[in-house]
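Student: One predicted model, sequence on top.
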Amino acid sequence: MKSVYINTASVFSSDYKSYGFFKTGSSWDSCPLSLTQVLNKQNPNVPHFLGQLSNLGERKRICTLWISKSEQLNKFIVSCSLTGLESSKRADFSGRIIYDSINVTYSSRDEQDGSRESPDDVLAIAAKLAMSAVDFSWNLDDYADLKSFEADEFPFIDISSMYRGIAAANPMTEKYAFSKPQGLNPVHEIRSLAKSLGLRLIIAEELVDEKINKEASVSAESRASALPKNQNVIEEFVEDLEGRLESVVGERRFKEIRCLAPIRWLRNSALNVFPKDLPKPGEVQAKKSSAKNFESSLPNYVDLVYQSTTNVKAMASLITGIGKIVEAFDSVTILLSVGKNNRATEAAQKSHHNLPVPLIIISFE
Amino acid sequence: MPQSTTEFNVLMLGSRGAGKTTLLAVMWEQLGKAISAQKGYFKYAHEASMYFGHALGELRRMYDAPGINVSPGISGTNNPKNLSIDLHTANHALAHLRLNFWDYPGGLLSPEQATGPEAAVLQQQLANAHYFFVVVDAPALLEHDGMFHAIRNYPYPIQLFLHDRLRSSSHGARILFVVTKCEKYIREGRTSEICDAVKRGYDNLLSDIAGNPRSSADICLVQTLGTVVLDKLEIAETSNGDKFPRYYFKKVSQNAVHSPQNTSLPLKLMLDKAIHESIDRRRASYDGLNWLRDALGRDDELRDLLIHMRDLSNRASDQSLHLSLQAGQ
């Protein structure tokens, strides 16, 4: 399933609103569902940060990329939104600039769609959108029909050309090699691939598995005593991820990002989960441990905030790196947020407490 | 000291581009700057401060543009905004009053968006609002003999929206017509013409208001920019032959700066009602013991703040730009 949503306004009549299209064969038809409905349908377990993706009325320039690979759902989902695209050619009846927003979504499996399309073009568009979050010269004007706009009609009359055009504009040279949906099943292959990319990501994942398996036999006291060890694992996990990104982005560029503004590791929110969720001394005996409580104390996400505004090439490399990270996991959710916005990450962190998959949030500010 | 915070809900009604967002941002900025910290202060929820900050930034940017031709206002959005502002008095951590502004996209007033979840929420908020701002686009009301008033200001949908509330609610409805984009006409001395046009343009709504003695109606003329005036209003046409207006604005001079006028007046009128409501609700819960409240001066701070804000507004506003049509009981 592939869909495109565009939020825009015409010159005068109705206010800003979203127009949805889904691909049927080689053509694009109007979609009666809202973007929120489409995203919820693809993965109903993660509603909170889907709000960030579907908030196409946002006027700030923010890119949100959501990649979710789930063995359980046997699904690979990519959804990317870029908001706040300032038109340089279209102004409304009172001379105000028109702002557009766009979302593209791919799902490897959809009950009503027998076709198994490749995600490559959606990923290429996602990469272009992520890069355009810091490249303010890019907008959707090339695909807007000005005559339609001036006639007070929806200006993006050829969705097919627009889709192809944005996908072709992706300047990345390295091809993605995401697993095909069938490839989600042979877990050992993914593990092998992950090993070739780096071990510690797997350690973090195995930590999740291991702790879930041992949940019934682990007391609150031993969890408390294990805390420093867990923190060490998180430290290693983060350092490894840093190393991985550095190797992908390239040392020089990475240092350039650091030079612009030092990287802030926002691990506090992850680490704070431990003391918050651990039973207080008086409650230790009385509190019956549950899988849910246990899961919520797992260090299964890391929030990395990079501060950079202009390094487009580094962004392109980073997107490639994210692709490799996705490859390394059996089940993983990645949320990339580009732009001045932390609410996406906050919402993702809240929503993720009950998800037994690692979540990596990479935010650019 | 307040034991609880009184919620006071304000629903903004107005079409796309009428100036709702600009009005909200400018009037809060003006009043926030003027209020004495010893008397009280406003505390903005995160979303409200971000929203107003962005809006004011956009307005400043507009003045920075070279030349005199400008595109005033802030581009619309399809996100309904629920903006909360707390009113505190000095020395008290708990707010006396929480003002909730429901700023809806103008498009929700168009027939094609009359259904759906957002329209349902709008209906609910219509019932729960304590105060209504009807934002009126002055050029649509006055230019070309008001030919665009119906499609720009939606007088009939607004009247129908409010009809049940005005006819059946025992509380009635307090309605403030805030006329925006009227810099040109005020400069030309046409204030009474604007008020007459509002009365004519909303006669059905005013008739409903008159039918409920608990309801009130006021007209306020505000200049949210002060130094940007309408240059001309051209008539454009869609492919279907439907006519729509195209506005052109200009700064009064190349060096013009943002100089809003009269923007604290709508706030004063609204806050008058809100503070009275807050005091009334508090006193209602102490029925029979209010002599003790008075002896202890429990409501003095709020009353002082009310007097202070009235004083500020009276000094900063031109009272000739306010017309009270019906006081309400």
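Tutor: Looks like it came in fine.
Student: So which residues of chain B form strands?
Tutor: Assigned by DSSP state E, chain B shows strands spanning B:6-13, B:41-44, B:69-70, B:81-88, B:97-103, B:131-137, B:174-180, B:216-221, B:228-237, B:243-251, B:322-326.
Student: wait, which of those is closest to A:Glu86?
Tutor: With respect to A:Glu86, and counting by CB to CB, the nearest of the strands of chain B is strand B:69-70 at 16.4 Å. Just so you know, the C-beta spots here come from the backbone N, C-alpha and C atoms, and that holds for glycine as well.
Student: Just the residues contacting stretch B:305-318, thanks.
Tutor: Contacting residues not belonging to stretch B:305-318 are listed as B:30-31, B:34-36, B:39-40, B:87, B:89, B:261-262, B:264-265, B:267-268, B:271-272, B:275-276 [CB atoms under 8 Å, 6 or more residues apart in numbering or on different chains].
Student: quick one: average confidence on that stretch?
Tutor: Mean pLDDT, stretch B:305-318: 76.
Student: and what of stretch B:127-140?
Tutor: 94.
Student: Which positions in it come out as buried?
Tutor: By neighbour count, and taking 16 or more other CB atoms under 10 Å in any protein chain shown as the criterion, the buried residues in stretch B:127-140 are B:Ala129, B:His130, B:Tyr131, B:Phe132, B:Phe133, B:Val134, B:Val135, B:Val136, B:Asp137, B:Ala138, B:Pro139, B:Ala140.
Student: how near is the second one to B:Glu7?
Tutor: As judged by CB to CB, to the nearest Å, B:His130 and B:Glu7 stand 8 Å apart.
Student: What of the last one?
Tutor: Applying CB to CB, one obtains 33 Å for the distance of B:Ala140 from B:Glu7.
Student: and of the strands of chain B, who's closest to B:Ile186?
Tutor: Nearest to B:Ile186 among those is strand B:216-221; the distance by CB to CB comes to 6.4 Å.
Student: who does the closest one touch, helix- and strand-wise?
Tutor: Here strand B:216-221 is seen to pack against strand B:174-180, helix B:191-201, helix B:203-210, helix B:264-284, strand B:322-326 when contacts are counted using 3 or more CB pairs under 8 Å, 6 or more residues apart in numbering or on different chains; DSSP states H and E.
Student: how does it look with 10 Å?
Tutor: For strand B:216-221, the contact count by 3 or more CB pairs under 10 Å, 6 or more residues apart in numbering or on different chains; DSSP states H and E identifies strand B:131-137, strand B:174-180, helix B:183-187, helix B:191-201, helix B:203-210, helix B:264-284, strand B:322-326 as packing neighbours.
Student: Let me have those in CSV, extended by distance to B:Ala25.
Tutor: Converted to CSV, these look like this (distance: least, CB to CB, whole Å):
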stretch, distance to B:Ala25
strand B:131-137, 13
strand B:174-180, 12
helix B:183-187, 17
helix B:191-201, 23
helix B:203-210, 26
helix B:264-284, 12
strand B:322-326, 21
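Student: Distance to chain A added to those, as JSON lines?
Tutor: Compiled in JSON lines, the helices and strands packed on strand B:216-221 are given as follows (distance: least, CB to the nearest CB, whole Å):
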{"stretch": "strand B:131-137", "distance to chain A": "9"}
{"stretch": "strand B:174-180", "distance to chain A": "11"}
{"stretch": "helix B:183-187", "distance to chain A": "14"}
{"stretch": "helix B:191-201", "distance to chain A": "19"}
{"stretch": "helix B:203-210", "distance to chain A": "22"}
{"stretch": "helix B:264-284", "distance to chain A": "21"}
{"stretch": "strand B:322-326", "distance to chain A": "26"}
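Student: Around chain B, pick out the residues from the stretch 1-150 of chain A.
Tutor: A:7-18, A:34, A:55-60, A:84, A:86-87, A:91-99, A:101, A:147-148, A:150 (CB under 10 Å from any CB of the partner chain).
Student: make it 6 Å
Tutor: Taking CB under 6 Å from any CB of the partner chain as the contact definition, the stretch 1-150 of chain A meets chain B at A:12, A:14-17, A:57, A:59, A:93-97, A:99.
Student: Report the buried members of these.
Tutor: Of the members of these, the ones counted as buried by neighbours, 16+ other CB under 10 Å, are A:Phe12, A:Ser14, A:Asp15, A:Tyr16, A:Lys17, A:Gly57, A:Arg59, A:Phe93, A:Ser94, A:Gly95, A:Arg96, A:Tyr99.
Student: what's the distance between B:Ala236 and chain A?
Tutor: Separation of B:Ala236 from chain A (CB to the nearest CB, to the nearest Å) stands at 7 Å.
Student: Can you name the residues bridging to the closest residue to that residue other than its chain neighbours?
Tutor: For B:Ala236, the nearest residue in space outside its immediate sequence neighbours is B:Arg246; the separation is 4.6 Å by CB to CB, 6 or more residues apart in numbering or on different chains. Beta bridges link B:Arg246 to B:Glu234, judged by DSSP bridges.
Student: Contacts only, for B:Arg246.
Tutor: A:Phe93, B:Glu234, B:Ala236 (CB atoms under 6 Å, 6 or more residues apart in numbering or on different chains).
Student: what sits up against stretch B:176-195?
Tutor: Applying CB under 6 Å, 6+ apart, the contact partners of stretch B:176-195 are B:19, B:133-139, B:198, B:218-223, B:229-230, B:266, B:269, B:323.
Student: what about it, start to end distance?
Tutor: One end of stretch B:176-195 to the other measures 12 Å (CA to CA, to the nearest Å).
Student: Please give the centre-to-centre distance between that stretch and its chain.
Tutor: Taking CA atoms, centre = their mean, to the nearest Å, the mean C-alpha location of stretch B:176-195 is offset from the chain mean by 15 Å.
Student: what do you get for stretch B:296-307?
Tutor: 25 Å.
Student: If you count neighbours, what's buried in it?
Tutor: Going by neighbour count (16+ other CB under 10 Å), the buried part of stretch B:296-307 is B:Arg298, B:Asp299, B:Glu301, B:Leu302, B:Asp304, B:Leu305, B:Leu306.
Student: Same check on stretch A:4-24?
Tutor: In stretch A:4-24, residues buried by neighbour count (16+ other CB under 10 Å) are A:4-18, A:20-23.
Student: quick one: the residue in chain A positioned nearest to chain B and A:Ser108, what's the gap?
Tutor: Taking CB to the nearest CB, chain B has its nearest neighbour within chain A at A:Asp15, 2.5 Å off. As defined by CB to CB, A:Asp15 lies at a distance of 35 Å from A:Ser108.
Student: This completes my enquiry, with thanks.
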